[in-house]
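J.: Next input, structure requested:
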Amino acid sequence: MAAGKNLSLFKDKPVKVLLAKPGIDGHDRGMFVLAKAFRDAGMDVLYAGLLPTPEEVVDTAINEDVDVIALSLLNGAHLVVFKKVADLMKKRGIDDIAIVGGGTIPDADKPKLEKLGITGNYGPGTPLKTIIEHIIMRAEEARSRKLGIA
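T.: The predicted structure is shown next:
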């Protein structure tokens with residue numbers, strides 16, 4: 001589904017995204033840039049704060065009924081930590097919350113993350129418009145699953 005194709009899914013409720021840096025990574029400046037960009041694009045934005053566990057990220061996503069979890073790591077632990085979030089979602093039977101990734105992710109690791117359902121995986125310098133469009137597209141997919149129309 002192309003971004004913006006099914007905007008009626010967001011007519012009464014904006015995209016809701018949870019920004020999280022699970023694991024040991026205190027570099028959060030980029031998260032604040034993303035939070036502002038997402039907010040300016042009309043999204044509801046939640047920030048999990050520094051160093052949440054994967055379990056806390058999943059619990060927050062479920063409790064806050066988000067459309068998208070946006071994960072970011074700059075410490076090289078993305079294959080372990082992002083996978084843990086995806087595994088927890090699967091274990092709990094949650095398939096109506098999309099997961100996107102970002103940070104310093106080597107190109108060789110991106111297909112591995114995609115295989116887990118973690119898309120985007122954008123790095124520093126990616127245009128905000130590209131990230132926003134991807135978040136909207138993934139939110140539409142998630143919202144469609146929530147509504148049972150996907």
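
J.: longest single helix anywhere in the protein?
T.: helix 128-146 (DSSP state H).

J.: got the buried residues for that one?
T.: 131-132, 134-143, 145 (16 or more other Cβ atoms under 10 Å). Placement of C-beta: from N, CA and C, glycine included.

J.: Which other helices and strands does that helix contact?
T.: strand 16-21, helix 29-40, strand 68-73, strand 98-103, strand 118-122 (3 or more Cβ pairs under 8 Å, 6 or more residues apart in numbering; DSSP states H and E).

J.: JSON lines please, covering these and showing mean pLDDT, distance to Ala48 and mean neighbour count.
T.: JSON lines is the format used below for the helices and strands packed on helix 128-146 (pLDDT from 0 to 100; distance: least, Cβ to Cβ, whole Å; neighbours: other Cβ atoms under 10 Å):
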{"stretch": "strand 16-21", "mean pLDDT": "96", "distance to Ala48": "4", "mean neighbour count": "26"}
{"stretch": "helix 29-40", "mean pLDDT": "93", "distance to Ala48": "9", "mean neighbour count": "15"}
{"stretch": "strand 68-73", "mean pLDDT": "95", "distance to Ala48": "9", "mean neighbour count": "27"}
{"stretch": "strand 98-103", "mean pLDDT": "96", "distance to Ala48": "13", "mean neighbour count": "25"}
{"stretch": "strand 118-122", "mean pLDDT": "96", "distance to Ala48": "16", "mean neighbour count": "22"}
